[in-house]
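In: Got a sequence here, can you build the structure:
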Amino acid sequence: MSDKIKIGISIGDVNGIGPEIIIKTLAENRILDFFTPIVYGHTKITSFYRKTLGIQEFNFNVIADASQAHHKRANMINCWEEDVKIEPGQAGETGGKFAFQSLQRAMDDLLSGKIDALVTAPIDKHTIQNEEFRFPGHTEYIQSRVNASDSLMFMVGEDLRVGVVTGHVPVSEVASGITKESILSKLALMQQSLKTDFWIQKPRIAVLGLNPHAGDNGVIGKEELEIINPAIQAAKDAGIFAFGPYPADGFFANHTYKKFDAVLAMYHDQGLIPFKHIAFHNGVNFTAGLSVVRTSPDHGTGYDIAGKNLASETSFREAMFLAVKVVQRRRETADLTSNPLRIAKLSKDRD
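Out: Numbering: from 1, shown residues only. This next block holds a predicted model:
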């Protein structure tokens with residue numbers, strides 16, 4: 001029995017770039033040295049895209065259950081029996097239906113411990129909606145399946161990590177979602193993830209303001225004075241090294257973010273626009289604060305380039321390696337905390 005980490009991969013929208021970036025990534029044999037991939041989808045889908053990409057030498061090892069995974073092969077679990085009409089670049093019911101079937105089966109295996117982490121290929125948030133998926137995105141669905149009270153959308157790049165207080169909500173509802181309690185909750189999740197998942201023992205977190213110029217002392221909005229400042233102070237009182245609030249525009253332009261281990265933005269676009277500008281193609285979306293590990297690339301379905309052999313697999317590859325690292329770090333942390341003698345030895349060795 002191999003002790004390699006098993007990474008489950010949901011196929012995403014079958015008419016988007018998900019199948020393409022999965023195939024391009026797993027076709028590189030050296031990647032199998034680091035983990036065992038298990039794709040949840042169907043070989044007919046990947047056969048179609050392999051032909052489109054001109055990748056004929058690569059194929060999947062078909063299994064019925066994750067326990068049967070071959071540790072030196074890319075594995076596939078066929079999640080449906082129907083024939084699927086593949087229409088690259090077309091948003092529709094078909095893409096949403098099979099994206100959900102893949103995600104649901106992968107989540108079942110993640111929750112039962114059959115896989116160690118989940119990497120999700122992009123979905124269409126509109127077409128995936130059904131009776132069992134009434135969520136604005138992966139993050140909220142996975143949080144619900146884990147029965148967690150909160151989670152953190154944490155964008156991770158080589159030089160920048162950004163979390164958001166309000167995630168997939170309309171801009172008109174952002175201000176009402178900014179409360180002292182919600183900011184404190186996200187800061188606590190961010191600090192814990194930085195310590196456990198990234199091994200940063202004393203993380204420094206920058207907090208952005210909500211309003212232009214961080215409110216200019218109440219001239220352009222009161223949220224900084226009445227909500228954000230008190231939340232930062234409460235976080236400091238709780239032992240979290242939080243600083244701010246900083247005006248969002250100049251914070252990224254003058255590279256202030258490089259002085260911190262992570263940044264907490266107030267809403268989605270405030271954090272993700274600069275993140276994608278700085279870390280695009282290498283960035284990863286990590287759902288922090290949960291008992292399970294889930295990552296994804298930092299882009300969407302890419303309908304405009306689907307089936308054209310134009311999609312970059314770089315972000316998807318980074319998402320898989322981040323999932324492996326987080327699982328490894330959590331395991332080692334759990335081992336160390338359960339064995340104080342090991343911690344004492346490591347501390348002595350580092351003196």
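In: any low-confidence regions in this structure?
Out: By pLDDT under 70, the low-scoring segments of the chain are 1-2, 340-351.
In: domain ranges for it?
Out: 1-148+290-351, 149-287 (automatic domain parsing).
In: Now render those domains as a markdown table, adding mean neighbour count.
Out: Where you see a C-beta, it was placed from the backbone N, CA and C, and this is true even at glycine. Formatted as a markdown table, the domains of the chain follow (neighbours: other Cβ atoms under 10 Å):
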| stretch | mean neighbour count |
| --- | --- |
| domain 1-148+290-351 | 18 |
| domain 149-287 | 18 |
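In: Make sure I have this right: residue 304 is in a helix.
Out: Yes. Assessed by DSSP: H, G, I helix; E, B strand; the rest coil, residue 304 belongs to a helix.
In: quick one, strands of the stretch 51-200 of the chain?
Out: Taking DSSP state E, counting those that start in this stretch as the test, the strands found in the stretch 51-200 of the chain are 61-63, 75-78, 117-120, 152-156, 161-166.
In: List the pairing partners of the second one within its sheet, with orientation.
Out: Spelled out, it's strand 75-78. The strands beside strand 75-78 in its sheet (DSSP bridges) come out as strand 36-41 (parallel), strand 61-63 (parallel).
In: For the strands of the stretch 51-200 of the chain, give me CSV that also has distance to residue 104.
Out: Formatted as CSV, the strands of the stretch 51-200 of the chain follow (distance: least, Cβ to Cβ, whole Å):
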stretch, distance to residue 104
strand 61-63, 18
strand 75-78, 12
strand 117-120, 12
strand 152-156, 21
strand 161-166, 26
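In: one step back: nearest to residue 319, out of the strands paired with strand 75-78?
Out: Closest to residue 319 of the strands paired with strand 75-78 is strand 36-41 (Cβ to Cβ; 12.0 Å).
In: List of residues touching the closest one?
Out: Applying Cβ atoms under 8 Å, 6 or more residues apart in numbering, the contact partners of strand 36-41 are 2, 4-11, 14, 19, 22, 26, 31, 46, 60, 63, 66, 69-71, 74-79, 98, 102-103, 105-106, 109, 115, 320.
In: Same check on stretch 220-230?
Out: Against stretch 220-230 from outside (Cβ under 8 Å, 6+ apart): 175, 178-180, 183, 207, 209-215, 217-218, 244-245, 266.
In: what's the span of it from first residue to last?
Out: 18 Å (Cα to Cα, to the nearest Å).
In: repeat for stretch 108-122
Out: 19 Å.
In: same check, this time on stretch 85-92
Out: Termini of stretch 85-92 sit 11 Å apart (Cα to Cα).
In: Would you quantify the distance from the closest residue to residue 11 other than its chain neighbours to residue 206?
Out: Nearest residue to residue 11, sequence neighbours excluded (Cβ to Cβ, 6 or more residues apart in numbering): residue 41, at 3.4 Å. To residue 206, residue 41 is 39 Å away according to Cβ to Cβ, to the nearest Å.
In: Then residue 337?
Out: Distance from residue 337 to residue 206, by Cβ to Cβ: 28 Å.
In: And for residue 289?
Out: Taken as Cβ to Cβ, the span from residue 289 to residue 206 is 19 Å.
In: try residue 34
Out: In terms of Cβ to Cβ, residue 34 sits 32 Å off from residue 206.
In: likewise residue 126?
Out: Separation of residue 126 from residue 206 (Cβ to Cβ): 33 Å.
In: Likewise for residue 252?
Out: 10 Å.
In: go on, residue 17?
Out: Distance from residue 17 to residue 206, by Cβ to Cβ: 33 Å.
In: now residue 180
Out: Residue 180 is 18 Å from residue 206, by Cβ to Cβ.
In: Does residue 274 touch residue 252 like I think?
Out: Yes. Contact criterion Cβ atoms under 8 Å: residue 274 and residue 252 qualify, at 4.1 Å.
In: ok, and the closest non-adjacent residue to residue 144?
Out: residue 135 (6.8 Å).
In: The one you found and residue 45: what is the separation?
Out: 24 Å.
In: can you check residue 119 too?
Out: 17 Å.
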